[in-house]
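*Asks:* What follows is a protein structure lacking sequence information:
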């Protein structure tokens, strides 16, 4: 039996008590989630806006339906390989969205059948091995980009690449044609990322800005500085930089949403993809939920079946409006808790900020 112990007055919006802790935590989570949403979409060969949509739905919808007070949901890097392969196999992003909708319906069935207990029977070593394998592939595939080689820009996560190359041969080619500008930015950024957490433990000044965001700001600043003092080192748009659509009006903004193409629903590849997304996404969600309960400062126990139903609703909605698959994500959850989150309002606020940013600040995001 799942128990969720509430905090007295924490959800009393009229009193504003929740804003004291969940407001700042939601802001920090938003700053961490935004580049993750864009990066995961890029690595999945999906439209950049699809990652932001998934983040918005995960924040504003799943958080209110979730059984956890601190879990934060959105697009997950652990599904990037599955998403990329599914888009290529189905042949279109619109067709892939049908698989996302179906995966959400499957998760709703999992929740109704009370299959949340399955996570208790999956050895941690199996899950850790799967995630470690994904992590190794992501690292290998990002090394060429860190050295300035973007021939495989959209992020093909297969070890064996088209044309007989492998991830290792791509790294070798990148080493032979290293871009000095990219190498400098990568090295300085990695150094800052490793030092930031240590500095945050010693000084509260570093706690107000997440390390990953500081790295993004540094990378942009260095590249702009190269344009002034060393133009040959500057990375240019279309080669390394992100191109995010900018809506000139409210109508243009809504045109960025992509609708699923249900004409492909009879294809076997669509159902295979939906099953893979539902199973892997559910396992990742349940493991993240367990981690969230351990991180929760109030040690509340969340309902795994309610979480599956919440994720199911989120994925159905995300697929219908052009978003990536959604899961509970440990990175965002940990960032939220460390920033002082006490209730689900932190996750909700981060979703509201994502929505506001793409409507009001699209050029800044670009």
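*Replies:* The structure has been received and is ready for your questions. Because the structure is a prediction, the values reported are computed rather than measured. Numbering: from 1, shown residues only.
*Asks:* Run through the residues that contact the residue nearest the centre of the chain.
*Replies:* The centroid of the chain falls nearest to residue 75 when counting by C-alpha atoms, centre = their mean (3.7 Å). By C-beta atoms under 8 Å, 6 or more residues apart in numbering, the contact set of residue 75 is 36-37, 40-41, 44, 50-51, 54-55, 58, 323-326. Where C-beta positions appear, they are placed from N, C-alpha and C, glycine not excepted.
*Asks:* and it, how far is that from residue 116?
*Replies:* Between residue 75 and residue 116 the distance, using C-beta to C-beta, to the nearest Å, works out to 22 Å.
*Asks:* ok, which pair from the contacts of residue 75 is furthest apart?
*Replies:* 44 and 58 (15.3 Å; C-beta to C-beta).
*Asks:* Where do the helices of the stretch 101-250 of the chain begin and end?
*Replies:* 124-146, 167-176, 180-202, 211-229, 250-255 (DSSP state H, counting those that start in this stretch).
*Asks:* Now do the last one: distance to the chain's middle.
*Replies:* Its chain's C-alpha centre and that of helix 250-255 lie 23 Å apart, by C-alpha atoms, centre = their mean, to the nearest Å.
*Asks:* same deal with the third one?
*Replies:* Average the C-alpha atoms of helix 180-202, do the same for its chain, and the two points are 21 Å apart (C-alpha atoms, centre = their mean).
*Asks:* Which strands or helices does that helix pack on?
*Replies:* Applying 3 or more C-beta pairs under 8 Å, 6 or more residues apart in numbering; DSSP states H and E, one finds that helix 180-202 makes contact with helix 124-146, helix 211-229.
*Asks:* which residues are in contact with that helix?
*Replies:* With contact meaning C-beta under 8 Å, 6+ apart, helix 180-202 is reached by 145-148, 206-207, 211-212, 214-215, 218-219, 222-223, 226, 230, 232-235, 240.
*Asks:* Among the helices and strands packed on helix 180-202, show the one with the smallest mean pLDDT.
*Replies:* The stretch with the lowest mean pLDDT among these is helix 124-146, at a mean of 75.
*Asks:* In contact with residue 53, which residues?
*Replies:* Residue 53 makes contacts with 257, 318, 321, 322, 323, 324, as judged by C-beta under 8 Å, 6+ apart.
*Asks:* Next, count neighbours for the second one.
*Replies:* Spelled out, that is residue 318. 31 (other C-beta atoms under 10 Å).
*Asks:* Same check on the first one?
*Replies:* Residue 257 sits with 13 neighbouring residues when counted by other C-beta under 10 Å.
*Asks:* Centre of the chain to stretch 293-301, how far?
*Replies:* That offset, for stretch 293-301, works out to 22 Å (C-alpha atoms, centre = their mean).
*Asks:* That stretch - what's its average pLDDT?
*Replies:* Stretch 293-301 carries an average pLDDT of 87.
*Asks:* in that stretch, what counts as buried?
*Replies:* Neighbour counts using 16 or more other C-beta atoms under 10 Å place 293, 295, 296, 300, 301 of stretch 293-301 among the buried residues.
*Asks:* what do you get for stretch 106-121?
*Replies:* The neighbour-count check on stretch 106-121 (16+ other C-beta under 10 Å) flags 106, 107, 108, 110, 111, 115, 116, 119 as buried.
*Asks:* Report the two of those residues separated the most.
*Replies:* 108 and 119 (17.1 Å).
*Asks:* how does the chain divide into domains?
*Replies:* 18-135+242-365, 180-234 (the TED database).
*Asks:* OK, contacts around residue 87?
*Replies:* Contact analysis of residue 87 by C-beta under 8 Å, 6+ apart lists 44, 45, 46, 93, 96.
*Asks:* Check residue 325 too.
*Replies:* 54, 75, 76, 79, 83, 100, 103, 277, 281, 315, 318, 319.
*Asks:* Just name the closest of those residues to residue 66, please.
*Replies:* Minimum distance to residue 66 across the contacts of residue 325 is 13.2 Å, recorded for residue 315 (C-beta to C-beta).
*Asks:* about what we covered before: just the ones of the contacts of residue 325 in helices?
*Replies:* Judged by DSSP state H, helices contain the following of the contacts of residue 325: 54, 83, 100, 103, 277, 281, 315, 318, 319.
*Asks:* Which members of these are classed as buried?
*Replies:* By 16+ other C-beta under 10 Å, the ones in helices among the contacts of residue 325 give 54, 83, 100, 103, 277, 281, 315, 318, 319 as buried.
*Asks:* And the first one, what's its pLDDT?
*Replies:* When you say that, I think you mean residue 54. The model reports residue 54 with a pLDDT of 96.
*Asks:* hang on, it packs against residue 327?
*Replies:* No: counting by C-beta atoms under 8 Å, residue 54 does not reach residue 327; the two are 9.5 Å apart.
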